[in-house]
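Colleague: could you look at this predicted model? Sequence included:
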Amino acid sequence: MSKLDAYQSKFKKFYFNNVDDIIENCILLLKAKQELDKEIFESLKKKLNLTTRVAKAFIKIAKNKVVTKESYYKKLPPHLFTILEICKLKEAQIKNFIDNNKINKTSTRFDILVLRNEAKPINKKSLSSTQQYINLRLSKKNFQLNRLKDFENDLQKLINSYKNTVEVETINYEVLSKFNNKKKDLIDEIKFSLSKAVKENKEKKEINDLFNTFKQRLENLGKDTVEESKKIFNTY
């Protein structure tokens with residue numbers, strides 16, 4: 001059995017909602033990254049269906065000495081990206097919050113943002129004296145990152161101008177972050193695939209055909225992502 005196959009067989013595929021499996025996978029993937037050649041490690045990620053973003057999350061968590069300690073991780077929420085948010089705290093803070101039950105199995109990503117002073121806790125008294133008025137959703141089909149930034153700035157100005165009338169419970173700014181992460185992952189994947197194709201002396205037509213394999217995923221991330229990828233393909 002090759003090293004790649006050995007790591008693949010040890011990886012817990014159904015780690016969702018299981019903190020033991022999440023931490024085990026974190027430690028395993030960090031070890032694989034340290035031991036395997038870059039190209040073999042990238043092949044492992046593909047076999048495990050891990051995006052660059054998810055793989056980085058596993059590895060960052062694995063490097064945290066607190067959350068990988070059994071006496072602490074047993075008390076963590078069983079969600080990969082919530083644990084990743086916890087890792088952005090200082091290790092002493094993590095210990096303190098867990099010891100004082102401010103971080104526990106039911107903690108959400110929003111709870112962690114509050115602990116990091118990056119979000120305001122929801123005012124339950126305010127909720128009881130207000131009426132929900134509007135719910136906004138983003139169009140995926142015509143999504144553009146730069147337009148969303150403009151929208152957020154305009155929305156914040158509007159909220160400020162009606163601050164005595166309108167209360168905002170939360171604005172999901174993570175949407176922009178998620179799209180940015182997905183875009184970065186896809187661009188990295190394209191660069192890796194192109195680099196591999198060049199090493200294997202693929203014909204120009206075969207390299208151009210690669211674009212079609214990514215086309216749908218690129219379009220899902222908006223016109224600016226499609227244009228950026230075209231520029232990358234043109235350099236090969």
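Modeller: Perfect, thanks for sending it. Numbering: from 1, shown residues only.
Colleague: phi first, then psi, for Arg75.
Modeller: Just so we're on the same page, residue 75 is Lys rather than Arg. phi -100, psi 0 (degrees, to the nearest 10).
Colleague: what's the closest residue to it other than its chain neighbours in contact with, if anything?
Modeller: Residue nearest to Lys75 in three dimensions, not counting chain neighbours: Ile98, with 5.4 Å by Cβ to Cβ, 6 or more residues apart in numbering. Every C-beta, even on glycine, is put in place using the N, C-alpha and C of the backbone. Residues in contact with Ile98 (Cβ atoms under 8 Å, 6 or more residues apart in numbering) are Val66, Tyr72, Lys75, Leu76, Asn104.
Colleague: got a pLDDT number for Ile98?
Modeller: Note for Ile98: predicted pLDDT of 97.
Colleague: secondary structure element holding it?
Modeller: helix 91-99 (DSSP states H and E).
Colleague: mind listing what's buried in that helix?
Modeller: Residues Gln93, Ile94, Lys95, Phe97, Ile98 are the ones in helix 91-99 that count as buried (16 or more other Cβ atoms under 10 Å).
Colleague: picking up where we left off before, quick one: the residue nearest to Lys75 and Thr165, what's the gap?
Modeller: Using Cβ to Cβ, to the nearest Å, we find Ile98 at a distance of 40 Å from Thr165.
Colleague: centroid residue for the chain?
Modeller: Arg53 (5.2 Å; Cα atoms, centre = their mean).
Colleague: do you know how far it is from Ile112?
Modeller: Computed as Cβ to Cβ, the Arg53 to Ile112 distance reads 18 Å.
Colleague: Leu155 too?
Modeller: 24 Å.
Colleague: could you do Glu42 as well?
Modeller: Distance of Glu42 to Ile112, computed by Cβ to Cβ: 30 Å.
Colleague: just Thr213 next, same as before
Modeller: 37 Å.
Colleague: more neighbours: the two, which one.
Modeller: Using other Cβ atoms under 10 Å as the criterion, Thr213 and Ile112 rank with Ile112 on top: 24 against 10.
Colleague: any idea how many residues pack against the closest residue to Ala57 other than its chain neighbours?
Modeller: For Ala57, the nearest residue in space outside its immediate sequence neighbours is Leu84; the separation is 4.7 Å by Cβ to Cβ, 6+ apart. Using other Cβ under 10 Å, Leu84 has 21 neighbouring residues.
Colleague: next, Leu84: secondary structure please.
Modeller: Here Leu84 is recorded as helix under DSSP: H, G, I helix; E, B strand; the rest coil.
Colleague: cheers, nothing more for now.
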